[in-house]
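Chemist: Using only what follows, build the 3D model:
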Amino acid sequence: MTEPTRRAPAGAAVLQAGVTDAITEAVLDELAEGGIGRLSMEAVARRAGVGKSALYRRWSSRDAMVVAVVSGFSVPCAATADTGSLRGDVRAMLAGLQEWLTHPRFAAILPDLVAEQGRRPELAAAVAEAVGEPRREHGAAVLRRGIERGELAPDVDRELALDLLAAPIYWRHSVRRAATGPDYLDAVTDLVLRALGANT
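Modeler: Numbers count the residues shown, from 1 in each chain. Modelled structure (predicted):
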């Protein structure tokens, strides 16, 4: 017995990509300008040129919208292509992290988002699940490739290694507000590889 052909949803059931893109840009702009505490569905809808119903068709709440938009912006930035060596992969990963942290809009969003997570554990958990864990999985892929090539010991502490890879760039840029240029990234790459006992 053949299954009946399902008809594609029409009308209001279809989420138009162009509308979603406009809303996403509006959310990022509102976050950068006023922070999550001042962000409202009304302001996002107004900036995007849509009705509030367009937002609620996509996300159940303001927080769900913010987490989804931040995830959509942040997670793809963490993907690192296989350069053929652990050193190359680590250097590329650090460059991607720098680009993420220094992005004009996101550099304004992140400090406020981190502060808000400190006040709201449920938001922190949602961001960790949608942003932190997927980004760390991209980093874990770099470590796995290093192990497969024989450049890292199989028993390397991967969680500690991931912290070590991200912490210097975040601290220097987001806390110290100091430059993270190519020479600094090269130096961090060398330091991290030595700390991990890499065979490169």
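
Chemist: C-alpha only now, for contacts and for neighbours.
Modeler: Will do.

Chemist: Can you tell me the centre-most residue of this structure?
Modeler: Per C-alpha atoms, centre = their mean, the C-alpha nearest to the average position across the chain is that of residue 74, at 2.3 Å.

Chemist: Surely that residue touches residue 101?
Modeler: No: Residue 74 lies out of contact with residue 101 (C-alpha atoms under 8 Å); the separation is 9.6 Å.

Chemist: the domain parsing of this protein - what is it?
Modeler: As recorded under automatic domain parsing, the domains making up the chain are 15-61, 75-195.

Chemist: how about a markdown table for the ones you listed, with mean neighbour count, mean pLDDT and distance to residue 67 added?
Modeler: Written out in a markdown table, the entries for the domains of the chain read as follows (neighbours: other C-alpha atoms under 10 Å; pLDDT from 0 to 100; distance: least, C-alpha to C-alpha, whole Å):
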| stretch | mean neighbour count | mean pLDDT | distance to residue 67 |
| --- | --- | --- | --- |
| domain 15-61 | 16 | 95 | 10 |
| domain 75-195 | 16 | 95 | 6 |
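
Chemist: how about these in JSON lines, adding distance to residue 69?
Modeler: Conversion of those to JSON lines gives the following (distance: least, C-alpha to C-alpha, whole Å):
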{"stretch": "domain 15-61", "distance to residue 69": "6"}
{"stretch": "domain 75-195", "distance to residue 69": "10"}
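
Chemist: of all those, which lies closest to residue 68?
Modeler: domain 75-195 (7.3 Å; C-alpha to C-alpha).
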